[in-house]
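**Q** Take this sequence and fold it.
(chains A and B)
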Amino acid sequence: MIKFTNVFKAYPKGGLALKDATFHVAKGEFAFLTGHSGAGKSTILKLIYAEERATEGEVRVSGFNLADLPPRQVPYLRRRLGIVFQDFRLLEDRTAEENVGFALQVTGARRAGIEARVMRVLTQVGLAAKATAYPRELSGGEQQRVAIARALVNEPTVLLADEPTGNLDERATRGVFQLLRDINASGTAVVMATHDLDLVRQAPYRVIELQDGALVYDSAVDEPRGEQSGGTP
Amino acid sequence: MNFVMREAMLTFRRAPLLSALSVTTIAFSLFVVGLFALVAVNVQRALSQVAERAEVVAYLLPGTPIETITHALKDIEAFPEVTSASYVSEDSALARARRELVELQGPLRELERNPLPASIEVTLKPADRDADHVGAVADRIRDFAFVDDVRYGRDWIEKLDKLRSVLAAVGLAVGIAFAAVAVIIIGATIRMTVLQRGREISIMRLVGATDWFVRFPFLLQGLIKGAAGGLLAVGLSYAAYLLSNRWLMMRTEFFNAEQAAAIVAGGMVIGLFGSWISVGRQLRKV
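**A** As a prediction, this is how the structure comes out:
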């Protein structure tokens, strides 16, 4: 599904953001990416959705080899992924359902089918009743649910979430996390970058930890470790 | 397609001020170009009217037999540069002088002998009314034995030639300069629209929109703004034309349908070009 083999990423001015990363996320898996800010979590996600290109090494996502993916193929890769951000990235002047429908419209989906699919995912995230609300009329947790609905509407094989609970209070955090778990339970792989260790401890999922661009721990291959030795403050 | 059209229209509704700014910028830029074109069209027209009078007159020796003249007329009309050659007898020359030179009517009536010579008046084809051709025709006519003298306004034909080429060069340079300024200004206003929607563009790309899908509404928008600006420019030029006719008491002419359509088409091309560049730059950034 997602396969990194000896991947390096250097930014022209910022030095090495990723050093020799090798890991594999299987179909239907849930994996946390943890580490300090600047450890390389977002870089890994950006490499997955081809916002950035690896300087060295091989990145494979959903059958695409990203090293030689021509730029015009990138949209087709992204249609197989769902992407969620800390700052939601909703269009302020469109309602919840328009924001979700937008993701279908840009792929050239037929208008007739859009409405039903939008309502289905809004129901799935528990926001069917607020379909016609604008983002400013929704709480942070609700806005993130709209963003998740938008990510889901194209039925992605992988959902990428970059600090999805970073802007949310505890209650909203629990709700959004539960939603991601439900989505994973229905077969979609989830890769979630977070530095919220409480959240990481709540679930028995795989943990990939990064430090200064290097992969320092992967619960799928390394020995389980105690509370003191691992994690980030 | 439906979606693209709606997206293009959405900007007009969401950012009416910015859209109005783009349209008026295009309109005024094209208006300046249009005004200049209007002046150029009228000057060219005036010059060609002047040039129409560029004729060669051959004065004949007294007593030249009419058969010789008729023969010569045919020869001259056969010249490739010549449209017509006509004979003006001594009598009709005097009659014309009496008619046209009103202030000399008294002295002319009292003349006992006609002092005016007979002549052949030659008109040239429009394309051959420059100094070189006129001079060549005059030289050939001078070779006829019965021709006393040949006159054509050599000086003013040469001046007219120079005036025409200077006007053409200045017109081209100023036109290109104004068009370039228009493209830059229009590009900037469309770029503002693109920047305003930068967030939207980045979201569109994140959810898998192709570059063409992102680009298309902007191109359509540029095209519509360009057309609206072009129409407005034609309207402004027409107003200027009406004003100049009324207040400057000049009898000028307006663009014909093709020229007006060319201004609108020019607006569309500029709008499209400006959008293309602005969106392209934004697409490379996000």
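
**Q** Please identify the residues of chain B in proximity to chain A?
**A** Within chain B, the positions near chain A by CB under 8 Å from any CB of the partner chain are B:2-3, B:14, B:199-200, B:202-211, B:213. In short, each C-beta sits where N, CA and C put it, glycine included.

**Q** Any of the residues you listed buried? List them.
**A** The neighbour-count test (16 or more other CB atoms under 10 Å in any protein chain shown) marks B:3, B:200, B:203, B:204, B:205, B:206, B:207, B:208, B:209, B:210, B:211, B:213 as buried among those.

**Q** Between all of those residues, which two are separated the most?
**A** The span of these, defined through CB to CB, is set by B:3 and B:206 at 17.4 Å.

**Q** May I ask you to name the longest helix in chain A?
**A** Looking across chain A with DSSP state H, the single longest helix is helix A:170-185.

**Q** which secondary structure elements does that helix contact?
**A** strand A:30-34, helix A:140-152, strand A:158-162, strand A:189-193, helix A:197-202 (3 or more CB pairs under 8 Å, 6 or more residues apart in numbering or on different chains; DSSP states H and E).

**Q** before we move on, back to that, generate a markdown table for the buried ones among the residues of chain B next to chain A, with pLDDT and secondary structure as supplementary columns.
**A** Formatted as a markdown table, these follow (pLDDT from 0 to 100; DSSP: H, G, I helix; E, B strand; the rest coil):
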| residue | pLDDT | secondary structure |
| --- | --- | --- |
| B:3 | 72 | helix |
| B:200 | 83 | helix |
| B:203 | 89 | helix |
| B:204 | 88 | helix |
| B:205 | 89 | helix |
| B:206 | 90 | helix |
| B:207 | 90 | coil |
| B:208 | 90 | coil |
| B:209 | 89 | coil |
| B:210 | 90 | coil |
| B:211 | 88 | helix |
| B:213 | 86 | helix |
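
**Q** Out of the residues you listed, which comes closest to residue B:39?
**A** Nearest to residue B:39 among these: residue B:211, at 42.8 Å, using CB to CB.

**Q** Any buried residues in the helix or strand where residue B:266 lies, and which?
**A** Of the helices and strands defined by DSSP states H and E, residue B:266 is found in helix B:257-285. Of all the residues in helix B:257-285, those buried under the rule 16+ other CB under 10 Å are B:260, B:262-264, B:266-279, B:282-283.

**Q** Over to stretch A:139-153?
**A** Applying a neighbour-count criterion of 16+ other CB under 10 Å, one finds A:141-153 buried in stretch A:139-153.

**Q** so who does whatever residue of the stretch 51-200 of chain B ends up closest to chain A touch?
**A** Relative to chain A, the nearest point of the stretch 51-200 of chain B is residue B:200 (5.9 Å; CB to the nearest CB). Counting by CB atoms under 8 Å, 6 or more residues apart in numbering or on different chains, residue B:200 makes contact with residue A:91.

**Q** lowest-confidence helix or strand of chain B?
**A** The weakest-scoring helix or strand in chain B, judged by mean pLDDT, DSSP states H and E, is helix B:105-109 (a mean of 71).

**Q** Return the residues in contact with residue B:203.
**A** Contacts of residue B:203 by CB under 8 Å, 6+ apart are A:89, A:91, A:102.

**Q** Counting neighbours, what do you get for the last one?
**A** When neighbours are counted by other CB atoms under 10 Å in any protein chain shown, residue A:102 registers 23.

**Q** Just to check, it is in contact with residue A:149?
**A** No - counting by CB atoms under 8 Å, residue A:102 does not reach residue A:149; the two are 11.2 Å apart.

**Q** Identify each buried residue in stretch A:189-204, please.
**A** Buried residues in stretch A:189-204 (16+ other CB under 10 Å): A:189, A:190, A:191, A:192, A:193, A:194, A:195, A:196, A:197, A:199, A:200.

**Q** Just grab the bridge partners of the fifth one for me.
**A** For residue A:193, the beta-bridge assignment (DSSP bridges) gives partners residue A:33, residue A:162.

**Q** wait, isn't it in contact with residue A:44?
**A** Yes - if you go by CB under 8 Å, residue A:193 and residue A:44 touch, sitting 7.5 Å apart.

**Q** Which residues are in contact with each of these two?
**A** residue A:33.

**Q** For chain A, what lies in contact range of chain B?
**A** Residues of chain A lying near chain B (CB under 8 Å from any CB): A:49, A:71-72, A:75-79, A:83, A:89, A:91, A:93, A:102-103, A:105-108, A:111, A:150, A:154.

**Q** ok, now with 10 Å
**A** Residues of chain A found near chain B (CB under 10 Å from any CB of the partner chain) are A:49, A:51, A:71-83, A:85, A:89-94, A:99-100, A:102-109, A:111, A:147, A:150-151, A:153-154, A:156.

**Q** In chain A, what residue spans correspond to strands?
**A** A:2-11, A:15-25, A:30-34, A:56-61, A:64-65, A:81-85, A:158-162, A:189-193, A:206-211, A:214-218 (DSSP state E).

**Q** what angle do the second one and strand A:189-193 make?
**A** Looking back up the chat, that one is strand A:15-25. On the basis of axes from the mean of the first three to the mean of the last three CA atoms, to 10 degrees, strand A:15-25 is oriented at 150 degrees to strand A:189-193.
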